[in-house]
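Asker: sequence-free structure coming up:
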């Protein structure tokens, strides 16, 4: 992201397109279960493409959430016990830690719905599990967290370690707040609160995209033709291998173990080591160089 925050008009556009993608998945009988900014891509025209179906129902069993519950691993944080830390400071800390979390084996629980952690639906006061398992409503919760991040600059429950984030998500009734120094409209707040609430009351959980069409924040959205209109933020792609829209990262030396001279038949060799559990298919269209082919 080249912008720290988006306008409400831009946010409306991207959330609406993402909501349509989520709705399409649900209509097919699937739950994405990993809705987060990293999985929202922009095509050459600047429209949303939802990616990464590795946790989609039917492909993997569930989120691995045990790590977040192990609160003994949490390190003290200056966010702890203080939900009203200055929003600018929160945003700076979030940016600093986000890259490391993205590449860790645990990742970040910022966008995971509370019922996913509980592996069930909690009662209104959170004291007991009313229903085991969870449904497609968890995707709409994640969309609400992303909407908050687009407008405020960081996720609702961001912290300096995953365990603290887990605590905040589970205590969302107390920790979901809007910083006064980052004012947004009441319509936007209402939309976020409708996404981030009890699973059975969550916007989208009853009638899918039709629920979104009834609230003021999405007034004026042309749901039928949104992908035909110009994107909220123009994207320029000069060629199929143009990387100018991506961040620059310094080169990193990989610490690869030295090859074993005693490799037995059937064991990975040095050259195979970096490709373990990696699948790849070469699609000709993705390896061509030159200008982007024009679409009719």
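Answerer: Structure's in. What do you need? Not measured: the values here are computed from a predicted model. Numbering: from 1, shown residues only.
Asker: could you pull out the strands for the stretch 1-150 of the chain?
Answerer: 40-42, 48-50, 120-122, 129-132 (DSSP state E, counting those that start in this stretch).
Asker: Now for this structure, the helix or strand with the poorest mean pLDDT.
Answerer: Counting by mean pLDDT, DSSP states H and E, the chain has its least confident helix or strand at helix 66-69, which shows a mean of 51.
Asker: shaky segments in the stretch 1-150 of the chain?
Answerer: Applying pLDDT under 70 to the stretch 1-150 of the chain flags residues 1-2, 57-107, 120-133.
Asker: Now with 90, please.
Answerer: Across the stretch 1-150 of the chain, the ranges flagged by pLDDT under 90 are 1-4, 28-29, 33, 52-109, 115-135.
Asker: For it, which segments are assigned as helices?
Answerer: Under the criterion DSSP state H, counting those that start in this stretch, helices of the stretch 1-150 of the chain are mapped to 8-27, 66-69, 87-102, 114-118, 137-152.
Asker: From the contact counts, what lies against the fourth one?
Answerer: Applying 3 or more Cβ pairs under 8 Å, 6 or more residues apart in numbering; DSSP states H and E, one finds that helix 114-118 makes contact with strand 120-122, helix 137-152, helix 162-170. For glycine as for every other residue, the C-beta is placed from the backbone atoms N, C-alpha and C.
Asker: Can you say which of these is nearest to residue 233?
Answerer: Across those, residue 233 has its closest neighbour in helix 137-152 (11.4 Å, Cβ to Cβ).
Asker: now the closest one and helix 162-170, what's the angle there?
Answerer: Here helix 137-152 runs at an angle of 100 degrees relative to helix 162-170 (axes from the mean of the first three to the mean of the last three Cα atoms, to 10 degrees).
Asker: which strands and helices sit next to helix 137-152?
Answerer: Packing partners of helix 137-152 (3+ Cβ pairs under 8 Å, 6+ apart): helix 8-27, helix 114-118, helix 186-195.
Asker: Kindly recompute the last result at 7 Å.
Answerer: Contact analysis of helix 137-152 by 3 or more Cβ pairs under 7 Å, 6 or more residues apart in numbering; DSSP states H and E lists helix 8-27, helix 186-195 as its packing neighbours.
Asker: and of the ones you listed, who's closest to residue 38?
Answerer: Of the helices and strands packed on helix 137-152, nearest to residue 38 by Cβ to Cβ is helix 8-27, at 12.8 Å.
Asker: Give the buried residues for the closest one.
Answerer: Using 16 or more other Cβ atoms under 10 Å as the test for burial, helix 8-27 gives 8, 10-23, 25-26.
Asker: Repeat that for stretch 205-218.
Answerer: Under the neighbour-count criterion of 16+ other Cβ under 10 Å, stretch 205-218 has 205, 208, 209, 211, 212, 217, 218 buried.
Asker: Dump those residues into TSV; add distance to residue 157 and secondary structure as well.
Answerer: Formatted as TSV, the buried residues of stretch 205-218 follow (distance: Cβ to Cβ, whole Å; DSSP: H, G, I helix; E, B strand; the rest coil):
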residue	distance to residue 157	secondary structure
205	20	coil
208	25	coil
209	26	helix
211	23	helix
212	22	helix
217	21	helix
218	24	helix
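Asker: Between the two ends of stretch 237-245, how far is it?
Answerer: Start and end residues of stretch 237-245 are separated by 8 Å (Cα to Cα, to the nearest Å).
Asker: Then stretch 217-230?
Answerer: Stretch 217-230 has an end-to-end distance of 20 Å (criterion: Cα to Cα).
Asker: So what touches that stretch?
Answerer: Here stretch 217-230 makes contact (Cβ atoms under 7 Å, 6 or more residues apart in numbering) with 12, 16, 17, 47, 187, 188, 190, 191, 209, 212, 213.
Asker: circling back: put together a markdown table for the helices and strands packed on helix 137-152, with distance to residue 224 on each row.
Answerer: Shown next, in a markdown table, are those (distance: least, Cβ to Cβ, whole Å):
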| stretch | distance to residue 224 |
| --- | --- |
| helix 8-27 | 10 |
| helix 186-195 | 20 |
